[in-house]
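Enquirer: sequence? don't have it. structure:
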């Protein structure tokens, strides 16, 4: 991965999969550009941004390593009837991000989704530890199973205890997306145009109940779409 800032103040992140991946993956790269009104190194959180880019690179490599495990030596995909590779990547990424950021910014708390109970109950600890160990920068000591499981749990699993009943919307699934939409100039409401209150925590399960559903637009079309929804639901 490369993180560059040009003279025109464009910040570019480029990620190229490692050569150990299957041939079709090696030919891919992804570039993201964003315009900054000032040089990148003058940004308030420039250090945190550089650290985040590095952690994302390591997490992407972890996912590619897990994906490459699906391929046999002749390039054919080995069929899996369960979700083991997906699960290993999911927990591995959370553990890796927790370990890396915890090492760099120990005073900053981490909010994450998973806890280690599923890893233990499905006997996936060894696979997750191996995936993390191969991509972690924490090389001054061995990355043990207890370290990885503790890193997963550092995300604050108590914030995600919902009980047994299925929910309509998880507050955490929408919080980040809503911020991104608002920062980009868009608008997020329920179908009646009311603000979505993420603190409306009914029964202590972090569940939100927007009227009708969640409406996301560029802002300019928002009221018109609400009118269309209102007309359609009253017919």
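Expert: Alright, I've got the coordinates. Small disclaimer: the values here were computed from a predicted structure and weren't measured.
Enquirer: all strands for the chain, in order.
Expert: 2-5, 10-15, 30-35, 169-170, 187-190, 207-208, 214-217 (DSSP state E).
Enquirer: Pull out the buried positions in stretch 84-97.
Expert: 84-85, 87-97 (16 or more other C-beta atoms under 10 Å). Every C-beta, even on glycine, is put in place using the N, C-alpha and C of the backbone.
Enquirer: Can you lay out these as JSON lines showing pLDDT and distance to residue 114?
Expert: Formatted as JSON lines, the buried residues of stretch 84-97 follow (pLDDT from 0 to 100; distance: C-beta to C-beta, whole Å):
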{"residue": "84", "pLDDT": "71", "distance to residue 114": "15"}
{"residue": "85", "pLDDT": "73", "distance to residue 114": "16"}
{"residue": "87", "pLDDT": "83", "distance to residue 114": "10"}
{"residue": "88", "pLDDT": "88", "distance to residue 114": "12"}
{"residue": "89", "pLDDT": "88", "distance to residue 114": "12"}
{"residue": "90", "pLDDT": "88", "distance to residue 114": "7"}
{"residue": "91", "pLDDT": "89", "distance to residue 114": "6"}
{"residue": "92", "pLDDT": "90", "distance to residue 114": "10"}
{"residue": "93", "pLDDT": "91", "distance to residue 114": "9"}
{"residue": "94", "pLDDT": "89", "distance to residue 114": "5"}
{"residue": "95", "pLDDT": "91", "distance to residue 114": "9"}
{"residue": "96", "pLDDT": "91", "distance to residue 114": "12"}
{"residue": "97", "pLDDT": "91", "distance to residue 114": "11"}
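Enquirer: Closest one to residue 148 out of those, please.
Expert: Sorting these by how near they are to residue 148, with C-beta to C-beta, puts residue 95 at the top with 4.7 Å.
Enquirer: Test my guess that the closest one contacts residue 151.
Expert: Yes: here residue 95 lies in contact with residue 151, judged by C-beta atoms under 8 Å, at a distance of 4.5 Å.
Enquirer: Identify the contacts common to those two.
Expert: Any residue near both residue 95 and residue 151 by C-beta atoms under 8 Å, 6 or more residues apart in numbering counts here, and that gives residue 132.
Enquirer: Give me the mean pLDDT for the lengthiest helix in the chain.
Expert: The longest helix of the chain (DSSP state H) is helix 46-68. Helix 46-68 shows a mean pLDDT of 88.
Enquirer: Only the buried residues of it, if you could.
Expert: For helix 46-68, burial by neighbour count (16+ other C-beta under 10 Å) applies to 51-52, 55-67.
Enquirer: Packing partners of it?
Expert: strand 10-15, helix 23-26, helix 84-104, helix 125-133 (3 or more C-beta pairs under 8 Å, 6 or more residues apart in numbering; DSSP states H and E).
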